[in-house]
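[1] need a 3D model of the sequence below.
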Amino acid sequence: MKKLVIVAALALGSTGAFAKDPSVIRFGVDPTYAPFESKAPDGKLLGFDIDLGNAICAKLHAKCVWVESDFDGMIPALKARKFDGILSSMNVTEKRMREIDFSDKLYNAPSRLVAKKGSNLLPTAESLKGKRVGVVQGTIHEAYAKAHWEQQGVTVVQYQNQSRVYEDLQSGRLDATLQHAIEADVGFLKKPGGQGFAFAGPELQDPKTLGTGSAVGLRKEDAELKKSINGAIAAIIKDGTYKQIEQKYFSFNVY
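    Prediction:
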């Protein structure tokens, strides 16, 4: 989930086309989604997406530059050329593809509900009626909750980042949250703050709102950049780099 970007010195032409061999790639990232992307105490960005991006840049002999952004502002920022690609656990959906393009798939990240242990909640409108469910603005989870639950009496509460969602779940201001299962497991449930909480019900399935896997978000006009990134993704899968990075974070196949 990384992006190739051409710095001002290489200059984008009036048409916005990229140079054939960009020396810098700027990726937009929201570092509140461990293990995909987060911040170390010293402020350094780390995570699965960060390592994948650096590997893509290495194949393209480019320098990766990371630009932090709230997730709900990612697509507008991409279109405004604040960075060249979105590498931040963004799933490919029909709605997003009307605005931007995507690289080849990077991984699959199923979605699940999280609630207090013993709550007996399920990811259905019937079970969640009268409850408050937290989601991050601009995500597939917000889209799913609004499409399937909100009109059935479920209060969908939107947040700018995942950290705030978990804070309100812990405090009792939320009854449940909806997010990527891997992120919830590693970034919350296995940490001290996640004690007393668990997955509620099975994985959700809905390609229209939840998409078909995560990829690098790109501007529609940047065909050369897309071709370069797709080539780099294929290369790191073929030479085993992808598998090495995957095993660093997960004990199962996420591709």
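
[2] I figured residue 103 was touching residue 231, is that so?
    No: under the criterion of C-beta atoms under 8 Å, residue 103 makes no contact with residue 231, lying 10.0 Å away. Placement of C-beta: from N, CA and C, glycine included.

[3] look at these two and report which has more neighbours.
    Between residue 103 and residue 231, counting by other C-beta atoms under 10 Å, residue 103 is the more crowded of the two (26 against 13).

[4] so the residue nearest the centre of the chain, which state does it fall into?
    Residue closest to the average C-alpha location in the chain (C-alpha atoms, centre = their mean): residue 89, at 1.7 Å. Following DSSP: H, G, I helix; E, B strand; the rest coil, residue 89 is assigned to coil.

[5] and the strands in the protein, which stretches?
    Along the chain, counting by DSSP state E, strands occupy 24-29, 38-39, 45-46, 63-68, 85-86, 101-107, 111-116, 132-136, 155-159, 176-180, 197-204, 214-218.

[6] what's the closest of those strands to residue 246?
    strand 101-107 (8.0 Å; C-beta to C-beta).

[7] partner strands of the closest one and their direction?
    With DSSP bridges as the test, strand 101-107 is paired with strand 214-218 (antiparallel).

[8] just the residues contacting the partner strand, thanks.
    The contact list for strand 214-218 (C-beta atoms under 8 Å, 6 or more residues apart in numbering) reads 1-3, 27-28, 74-75, 78, 84-87, 89-92, 96, 100-109, 225-226, 229.

[9] which residue, other than its chain neighbours, is closest to residue 33?
    Nearest non-adjacent residue to residue 33, counting by C-beta to C-beta, 6 or more residues apart in numbering: residue 183, 5.1 Å away.

[10] the closest residue to residue 104 other than its chain neighbours and residue 30: what is the separation?
    In space, and not counting its chain neighbours, residue 104 is closest to residue 230: 4.8 Å by C-beta to C-beta, 6+ apart. In this view, residue 230 and residue 30 are 23 Å apart by C-beta to C-beta, to the nearest Å.

[11] between the two, point out the one with more neighbours.
    Per other C-beta under 10 Å, whichever of residue 230 and residue 30 has more neighbours is residue 30, with 26 against 17.

[12] let's see the pLDDT reported for the closest residue to the more buried one other than its chain neighbours.
    Distances taken as C-beta to C-beta, 6+ apart place residue 71 nearest to residue 30, at 4.4 Å, with adjacent residues excluded. For residue 71, the model assigns a pLDDT of 93.

[13] try the one 3 residues further on
    In the prediction, the pLDDT value recorded for residue 74 is 96.

[14] please name the residues that touch it.
    Here residue 74 is in contact with 28, 30, 86, 88, 90, 138, 217 (C-beta under 8 Å, 6+ apart).

[15] next: residue 193.
    Contacts for residue 193 (C-beta under 8 Å, 6+ apart) come out as 166, 170.

[16] again, 6 Å this time
    residue 170 (C-beta atoms under 6 Å, 6 or more residues apart in numbering).

[17] tell me how far the residue nearest to residue 33 lies from residue 112.
    As judged by C-beta to C-beta, residue 183 and residue 112 stand 10 Å apart.
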